[in-house]
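[1] coords please:
(2 chains)
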Amino acid sequence: MLTVTLRTLRTRWVTLVGTFVALALGVALIATMGLGLASTWEAPAREPERFAGAAVVVRGADELRVPSPIGERKQPLARPRGVAPEVAKALAAKARTVADRSFPVRVSRRDGDDTLVGHPWSVATFGGYRLNAGHEPRAGEVVLAGSPALVGTAVRVRTPAGVSTRTVAGVVAPVRFERALFFSDAEAARLSPRIDHLVVEAAPELVRTLVGPGADVQVLTGDDRRRADPDPDRDRDALIAMNALLGTAGGVTTFVCVFVVASTFAFAVAQRRRDIGLLRTAGATPRQIRRMLVIEAAVVGVLASATGCVLGSHGAPILAGLLVDEKLAPSWFTIGAHTWPYQVAFWTGLLVALAGVTVATVRAGRIRAVEALREASIDKAMTPGRWLFGVGLLATGVGMLVWRLLADPGDALHRKTYTTQPMLLITAVALLAPILVRPLTRLLAWPPAQLPGATGMLVLQNAAAGVRRTAAVAAPVLVTVALAGSLLGATATIDEAKAAEIREQTRADLVVRADDTSAGFDDRTVARIRAVPGATVMVSATTAVYRLEDGHALIRSDARAVDARGLSGARTLPVEAGSLDGLDDTSIVVNTEWAQHTVGERVDVWLGDGTRTSLRIAAVIAAGTGDNGVYLTRHHARDVAPDRLDVTWAPGADRVAGDAAVRAALEPIGARVLTRAQWIEAADPSVSRQTRVGYAVVLGITLVYTGIALANTMVMGTSDRAPDLATLRLTGATKRQILVLVGAEALTVVVVGAVLGSIVTALNLLGIWGSLAALSVRSPIVLPWQTLGATLAACAVVAVVAAMLSAVGALRTRPIESAGARE
Amino acid sequence: MIRDAIRLRSVSRSYGSADDAVTALDDLSLSFTEGTFTAVMGPSGSGKSTLLHCAAGLDRPTSGSVLLGETDLTALSETKLTLLRRQRIGFVFQSFNLLPALTAEQNVALPLRLGGRRPGRSEVQDVLARVGLAGRARHRPGEMSGGQQQRVAIARALITHPDVLFGDEPTGALDSTTGREVLRMLRAMVDEQRQTIVMVTHDPVAASYADRVVFLADGRLHGELTAPSAESIAARMTRMETVAC
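    Numbering: from 1, shown residues only, chains lettered A, B, ... in the order given. A predicted model of the protein is given here:
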């Protein structure tokens, strides 16, 4: 039996090479994505920096902890708290303490403005700062990083308290983790009263005892002191986006690989009907046939999966490089030494190969010897299993779409949803494809079949007769078009919906965004803009509100803290109930995503700094695409500087002069001033560049793979047609006619795949459109026609070229020999 | 007037490289008269199939020339040769070589359509009726018996009204009753329409339907019989095989 296996390995090499290529590349892709994904789970460990020299650092809580029946729920706070003055006082009574404060400062120099972070001088020593020249800062003086020549010069410094000219008392060496400007301790305390960190020179246990368990502070020691460094999560944050991207990429590519490999292996078995028939006549039992095919698949599977793992180990660093070049990944991103991706890729590949063959052999084993020996007759289009799974998956896919529409329309806009939804439908349509192939090819090839020539007729008859073959070869095109259409269409449609939302909601004539959102606008600047004649200014700050839903889910909502009276003048929000004018310091505007959204009721919330409060619901707005957060007054975010101003001109106001006045007022602090039209255009919908480029990378890789798979099945399919082509030549077809025929057939298959893919795309996008409508966002379906067209053209070129090249190969032998090969 | 439909002049055909070439045809000259039925016989490896392929323009002789009427097939390009075959030569194979995806009438119409002409309905129907398959036009090869498939193949060869119809063991894959029906049909074409037929066979009974039997051995002519009976052919073949051994 094994010798038969080895012999068939030699003879059916086109089929075997085809399955090998599909599997090896598929496994390589899975391994590559897996390695990338594994490497996003751990950010490189970094040492504490700013407080490296301090034993214990006490800081205010940076997360909200809420007890619930199933344990304590946590969420990071939008606005971490400072150390309460009582705590600071209590600690100072028992040990030496140094208070740290951080506040944005702007320094004007000859070569332009610069935003630095201000600190008291006493903390400099913990970060390893040493004076290179000069002395420590006294009142009216500062220390900064730079050359000793700066000592004694004057700099203009803008602090929250205003602009002043200060003398450079000394200079330090620059550091990697921040760009600081040091003030005297007293002055820093005046500029920023809040204590951000407190260095305590005492044993950690003592500090913990002194602070007590109930106090809202953290005691950081050892590596935990890293939490007190500027932006301690930046490495992790950079990886979170990467993790989401590679997770999606991994999901999509794994699906595509499994789909392509399974269909290639099944196709390969279907191609060998005749071999199987011969073996059956020679006395092989169905069991032996199955064993032979499974052993063969195992041999190919192991070799191809192993090759794929090797390819993957080379591919992953290339992927990492690509992601870094595209600025999708931080520059330090590299592929770590992980073994599980290889395991996953190897076993997935092998199992899929075996599963594809097993399913196909159940059918093949049933073939009666005589049946198989007959001239390849008309394919039986559908088997019961195909019906069962096809209809089942279709019902599930469409059912989920409808259910989502009714129950949770917002879910359709989530990335996880719109990347998995197409997979169900693609598989369903691929399984049901044979039913659609015949009418489709009839429709496509009927007009040319009426021409006197033979090509149209042959295309029509061959495609319709080889329904399963056509469906199998069309599968890679189906998956390509459906994925590109669904994913790009979904992001584009959601982008458009978000843009439409912004267009509809923006009423202000000018929108001003702070350059540095952490600094925001100071009160004086805001007052100056309010004073511009004819201007109505609505000030808003970014914060968050937390609520406990169902007793255990602590949910964060992005919130805007706005001027109570200005909201309805500056924004047109989709109000469902209540009135925006009802918003005051005791109330909140929520959206329909909140479980509790009845106007007039009270809702318990935690504010951005963790303060618990109860607010009355003044109005309810539609959830929209997810960006319609909640609104409360600035009373609830007093210490957050506003980062956006909506300026509306009174009728008859001098807009040109006003515009100039606003820009002049902002000049010293730097800000983006945009007109309504500019704002709408520039408003970056939250499907960010990262997502879009990420999809381009994911789809690009997937398309290259499906392209290869398409060429592969084309070659496999055409090599199978060698006897037919030989017969045609014996009947008097010229080589040119054969090539035209093969090309036309390939093109027909591509069109069939494209139509099937479009069906999937249409279903998916209709689902998203419906969900948007259910969220009261009226916005059209957007299809990236150019990308889709280019994808389709690429598929067509690949298919036609691959089919023609393999036909040229088949034409090289004398027709009289290949026709004989049929026997 | 008696004319030759096809003439082979000193045709040689060898396969393989110069060192260990196998000679299938060795300086063979032979002609087939218009309106006659010739059977080509000989033991395995005698070169009878090669003779047929060279005569039908499916294979090219290593040397010598093949004349179809006044046209020298060996001087034509591959495409010209294909076009000529399509218009003037019919070929029937042992293994039928029908396209499984096409119906009987589509298979029959194929040579004309490849020539860019869509045959009239009646044209195809007539040919199918001539081979006794009037009611089977819409059936695919898989739905027909071997004899019926071979008739479709003959109808396909006849649709172009070829100068010569070649058959390579056309009854080889058929049972004797069906085979005899096909042979009677071929005989009738010669008698009634003066169709020229050249057929390779190893079956003395099949050969007995021919006007003339030529015998090949080792790529050379080895005698011939005119208006033969199955018995005389069988006796000749037995003699040839004993000589060969």
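
[2] Find me the pLDDT at residue 203, would you?
    All of this refers to chain A. Note on residue A:203: pLDDT of 84.

[3] not what I meant, chain B
    Value for residue B:203, per-residue pLDDT: 89.

[4] Once you drop chain neighbours, what's closest to it?
    Spatial nearest neighbour of residue B:203, excluding adjacent residues (C-beta to C-beta, 6 or more residues apart in numbering or on different chains): residue B:171 at 6.9 Å. (C-beta placed from N, C-alpha, C; glycine too.)

[5] which is the next helix or strand following the helix-or-strand element of chain A with minimal mean pLDDT?
    Within chain A, no helix or strand scores below helix A:2-11, which has a mean of 51 by mean pLDDT, DSSP states H and E. Counting by DSSP states H and E, the next helix or strand C-terminal to helix A:2-11 is helix A:13-38.

[6] can you give me phi and psi for residue A:536?
    phi -110, psi 120 (degrees, to the nearest 10).

[7] Could you tell me how many residues sit around it?
    Residue A:536: 19 surrounding residues under other C-beta atoms under 10 Å in any protein chain shown.

[8] so how far is residue A:645 from it?
    For residue A:536, the distance to residue A:645 equals 11 Å [C-beta to C-beta, to the nearest Å].

[9] same question, residue A:544
    Look at residue A:544 and residue A:645: by C-beta to C-beta, they are 20 Å apart.

[10] quick one: which of the two has more around it?
    Legend: neighbour count by other C-beta under 10 Å for residue A:544 and residue A:645, higher for residue A:645 (27 against 23).

[11] Pretty sure that one sits in a helix.
    No: membership of residue A:645 in a helix is not supported by DSSP: H, G, I helix; E, B strand; the rest coil, which gives strand.

[12] Excluding sequence neighbours, find me the nearest residue to it.
    Of all residues beyond its chain neighbours, the one nearest residue A:645 is residue A:512 (4.1 Å), with distances taken as C-beta to C-beta, 6+ apart.

[13] so which strand or helix has the one you found?
    Using DSSP H and E, residue A:512 falls in strand A:510-514.

[14] That strand packs against which elements?
    Where contact means 3 or more C-beta pairs under 8 Å, 6 or more residues apart in numbering or on different chains; DSSP states H and E, strand A:510-514 is packed against strand A:644-649, helix A:655-666, strand A:671-675, helix A:676-682.

[15] Please tell me how far the last one is from the chain's geometric centre.
    Averaged C-alpha coordinates place helix A:676-682 at 25 Å from its chain's average position (C-alpha atoms, centre = their mean, to the nearest Å).

[16] who touches the closest residue to residue B:138 other than its chain neighbours in this structure?
    Nearest residue to residue B:138 in three dimensions, chain neighbours excluded: residue B:103, at 5.3 Å (C-beta to C-beta, 6+ apart). Neighbouring residues of residue B:103 by C-beta atoms under 8 Å, 6 or more residues apart in numbering or on different chains: A:461, B:137, B:138, B:139, B:140.

[17] so what's the backbone phi/psi at the third one?
    When read as degrees, to the nearest 10, the backbone of residue B:138 gives phi -90, psi 0.

[18] wait, it sits on residue B:107?
    No: assessed by C-beta atoms under 8 Å, residue B:138 is found out of contact with residue B:107, at 11.5 Å.

[19] who's in contact with residue A:255?
    A:423, A:426.

[20] The residue nearest to residue A:645 bridge partners, please.
    residue A:645, residue A:673 (DSSP bridges).

[21] Correct me if wrong: it contacts residue A:663.
    No: Residue A:512 is beyond contact range of residue A:663, at 9.2 Å (criterion: C-beta under 8 Å).

[22] Which neighbours do those two have in common?
    Joint contacts of residue A:512 and residue A:663 (C-beta under 8 Å, 6+ apart) are residue A:673.

[23] Pick out whichever of those two has more residues nearby.
    Neighbours per residue (other C-beta under 10 Å) separate residue A:512 from residue A:663, with residue A:512 holding more: 26 against 14.

[24] Relative to chain B, how far out is the more buried one?
    70 Å (C-beta to the nearest C-beta, to the nearest Å).

[25] Report the contact partners of that residue.
    Contacts for residue A:512 (C-beta under 8 Å, 6+ apart) come out as A:521, A:529, A:644, A:645, A:646, A:647, A:662, A:666, A:671, A:672, A:673, A:674.

[26] Just the buried residues of these.
    Buried members of those, counted by 16 or more other C-beta atoms under 10 Å in any protein chain shown: A:521, A:529, A:644, A:645, A:646, A:647, A:662, A:666, A:671, A:673, A:674.

[27] Save those residues as a markdown table, and put in pLDDT too.
    As requested, the buried ones among the contacts of residue A:512 are exported to a markdown table (pLDDT from 0 to 100):
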| residue | pLDDT |
| --- | --- |
| A:521 | 82 |
| A:529 | 87 |
| A:644 | 87 |
| A:645 | 88 |
| A:646 | 89 |
| A:647 | 89 |
| A:662 | 86 |
| A:666 | 81 |
| A:671 | 78 |
| A:673 | 85 |
| A:674 | 85 |
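
[28] Let me know the average pLDDT across stretch A:619-632.
    82.

[29] Tell me how many other residues crowd the residue lying closest to residue A:55 once chain neighbours are set aside.
    The spatially closest residue to residue A:55, leaving aside those adjacent along the chain, is residue A:201, at 6.4 Å (C-beta to C-beta, 6+ apart). For residue A:201, the count of nearby residues is 12 (other C-beta under 10 Å).

[30] ditto for residue A:251
    17.

[31] surely the residue nearest to residue A:55 meets residue A:58?
    No: judged on C-beta under 8 Å, residue A:201 makes no contact with residue A:58 at a distance of 11.5 Å.

[32] Setting the sequence-adjacent residues aside, check what's closest to residue 35.
    Let's take chain A. residue A:316 (3.8 Å).

[33] that's the wrong chain, I meant chain B
    residue B:194 (3.6 Å).

[34] again, but for residue A:198
    Spatially, and ignoring its direct neighbours in sequence, residue A:198 is nearest to residue A:58 (4.4 Å; C-beta to C-beta, 6+ apart).

[35] Please work out the average pLDDT along whatever helix or strand residue A:723 lives in.
    Residue A:723 belongs to helix A:722-730 when elements are defined using DSSP H and E. Predicted confidence along helix A:722-730 averages 84 (mean pLDDT).
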